[in-house]
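predicted model and sequence below, questions to follow.
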Amino acid sequence: MKKIQNNNNNIKMLLLPPYFFPEQTASTHLDQDRFSAYKNAGILTEVYVASPTRGVDAKCRNKYKKIKNEKMFDNSVSIHRFPMFHEGKNPIFRAVRYVLVNLIQYMKGTKAKDIDVIYSGSTPPTQGVLCSLVKKKLSKKYRKKIPYIYNLQDIFPDSLVNTGMTKKGSILWKVGRKIENYTYKNADKIIVISEGFKRNIMAKGVSEEKIEVISNWIDLNSVHPVSREDNKLITEFDIDPDKFLVVYAGNFGAAQGADIILKAAEKLKNETNIQFVIFGGGAYFEEAKKEAEKLDNVFIHELMPVDRISEVYSLGDVALITCKPGTGSAGMPSKTWSIMACNTPIIASFDTDSDLANVIRDSGAGECVEPGDVDVLADSIISLYTNYKFNKRDNYDMRSFVRVNASRETCVQKYINVIKSLVC
């Protein structure tokens, strides 16, 4: 079958997501930015999705029982919802729900009309199989190739190995690799978020021509430096603005390795001018809070709302990024761009052969040290504290690096280019 030729002004894209607005996921803001740009680029999106369940209350779920079809983004996105039971927390029910949703999406997706291109994310990993099958059905139905774009945000089953949920060679791992290979084979373009992801899937046999590296991005208008005089967190939490503030914001989980921060704080507890400020969450956060209560040089609080990112990262004289040793190649932490957009130096206790290490080196944003080594991390903090030039925020212009590599405008345009390269 030949590549599809679109002679119309608009491109029609099919989307079969596990969740959609008003549900909130880690990529919600990225989706919204893409749809806003697609509208202006003449890309229309047809969405088939189950009734809202994740992150919404009973009132919202009841409301959407009556809303089967709606349009968003100036009518450029058409959403078709079908009923499905509430997701809940039971992993078995969740798995059953995913399977049922995929079955219905297959039936509806294969009946969609005038589709030019199919697009999906990588969570859950069955989305890749689903859209590969829909691609085959529609291509046969239309008697022309319908291209499929796979957005790889999480490499499965590698991510399960990194978090300790399974081991390489296990039955789950083998099933995951089958799913992975099938998706890679059938996708016409695979968008990955980092060079590390690209190297990973090329090692599994994916051709370089099929891969596009597009970083997740931030809105530089929303994330920006905030002076200490204007930072409301100072007064809100009674933080001493004259101290050297070491900030960490993120989860305490299996892959983050964030426990090293409290170990470094313990090691530096006699440095009275250094204060650790932690905004956290995750599976081990309650344990972290108990440990932090023993240390006078640590302030700890739950994660702040996303609209306060600028205040959080501008607060620090340095911001920390951590990972469990050996897991840093799994991706590029998106918080990196937010920290850099606030012109805050970074110390990363992170795999030194990772994409993050390369970004820090290329941008001059700070330092990457071996993960899991508390002595090296503590020494790096002391070095920044005692080195005058690092205490001057105006020595940095990391925002320019972000603008070129991870701004909303730059990255969204790359998505548009990929779509048009397959269709036009």
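Arrived safely, thanks for sending.

next one: phi and psi at residue 39?
phi -50, psi -50 (degrees, to the nearest 10).

so how far is residue 65 from it?
Counting by Cβ to Cβ, to the nearest Å, the separation of residue 39 from residue 65 is 28 Å. (C-beta placed from N, C-alpha, C; glycine too.)

looking at the two, which is more packed in?
When neighbours are counted by other Cβ atoms under 10 Å, residue 39 and residue 65 differ, and residue 39 comes out ahead with 17 against 11.

go ahead and confirm the more buried one touches residue 74.
Yes: using Cβ atoms under 8 Å, residue 39 is in contact with residue 74, at 5.7 Å.

mind listing the strands for the stretch 51-200 of the chain?
69-72, 77-82, 117-120, 148-152, 189-192 (DSSP state E, counting those that start in this stretch).

a markdown table for those strands, including mean pLDDT, distance to residue 347 and mean neighbour count?
Below are these laid out as a markdown table (pLDDT from 0 to 100; distance: least, Cβ to Cβ, whole Å; neighbours: other Cβ atoms under 10 Å):
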| stretch | mean pLDDT | distance to residue 347 | mean neighbour count |
| --- | --- | --- | --- |
| strand 69-72 | 96 | 41 | 12 |
| strand 77-82 | 97 | 41 | 17 |
| strand 117-120 | 98 | 36 | 25 |
| strand 148-152 | 97 | 28 | 24 |
| strand 189-192 | 97 | 26 | 22 |
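
contact partners for residue 124?
Going by Cβ atoms under 8 Å, 6 or more residues apart in numbering, residue 124 touches 18, 98.

read off the pLDDT value for residue 6.
Residue 6 is assigned 50 on the pLDDT scale.

just the buried residues of stretch 357-374, please?
For stretch 357-374, the neighbour count (16 or more other Cβ atoms under 10 Å) marks 357-360, 363, 365-369, 371-372, 374 as buried.

which residues sit against that stretch?
Contacts for stretch 357-374 (Cβ under 8 Å, 6+ apart): 195, 257, 260, 263-264, 267, 318, 322-325, 328, 332, 336, 339-340, 345-352, 354, 356, 376-377, 380, 384, 396, 398, 401, 405.

now swap in stretch 289-299 and tell me
So stretch 289-299 is contacted by 237, 239, 262, 265-266, 268-269, 271-272, 274-278, 280, 300 (Cβ under 8 Å, 6+ apart).

what sits closest to residue 23 if chain neighbours are left out?
The shortest distance from residue 23 to any residue other than its chain neighbours is 4.5 Å, reached at residue 54 (Cβ to Cβ, 6 or more residues apart in numbering).

residue furthest from the geometric center of the protein?
residue 270 (36.8 Å; Cα atoms, centre = their mean).

from residue 299, how far off is that one?
17 Å.

picking up where we left off before, among the buried residues of stretch 357-374, which one lies nearest to residue 60?
Using Cβ to Cβ, the shortest approach to residue 60 within the buried residues of stretch 357-374 belongs to residue 359, at 38.2 Å.

per-residue confidence at the closest one?
93.

just to revisit the earlier point, of the contacts of stretch 289-299, buried ones?
The neighbour-count test (16+ other Cβ under 10 Å) marks 239, 262, 265-266, 268, 271, 274-278, 280, 300 as buried among those.

assumed residue 235 was part of a helix.
Yes: assigned with DSSP: H, G, I helix; E, B strand; the rest coil, residue 235 falls within a helix.

list the contacts for the closest residue to residue 301 other than its chain neighbours?
Excluding its sequence neighbours, the residue lying closest to residue 301 (Cβ to Cβ, 6+ apart) is residue 279, at 5.5 Å. Counting by Cβ under 8 Å, 6+ apart, residue 279 makes contact with 247-250, 300-304, 312.

hey, what's residue 279 bridged with?
residue 249, residue 301 (DSSP bridges).

what's the pLDDT at it?
96.

one more: the one 5 residues further on?
We note a pLDDT of 87 for residue 284 in this prediction.

can you count the residues close to the residue nearest to it when sequence neighbours are not counted?
Closest residue in space to residue 284, ignoring its immediate chain neighbours: residue 252 at 4.2 Å, by Cβ to Cβ, 6+ apart. Using other Cβ under 10 Å, residue 252 has 24 neighbouring residues.

hmm, residue 252 is touching residue 260, no?
No: with contact defined as Cβ under 8 Å, residue 252 does not reach residue 260; the gap is 10.6 Å.

show me where the stretch 201-350 of the chain dips below the pLDDT cut-off.
Low-confidence segments of the stretch 201-350 of the chain (pLDDT under 70): 255, 330.

in it, which spans are strands?
Under DSSP E, counting those that start in this stretch, the stretch 201-350 of the chain gives strands at 211-213, 244-251, 274-281, 298-302, 318-322, 346-349.

make CSV out of these and add distance to residue 29.
Putting the strands of the stretch 201-350 of the chain into CSV (distance: least, Cβ to Cβ, whole Å) gives the following:
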stretch, distance to residue 29
strand 211-213, 20
strand 244-251, 16
strand 274-281, 18
strand 298-302, 20
strand 318-322, 20
strand 346-349, 22
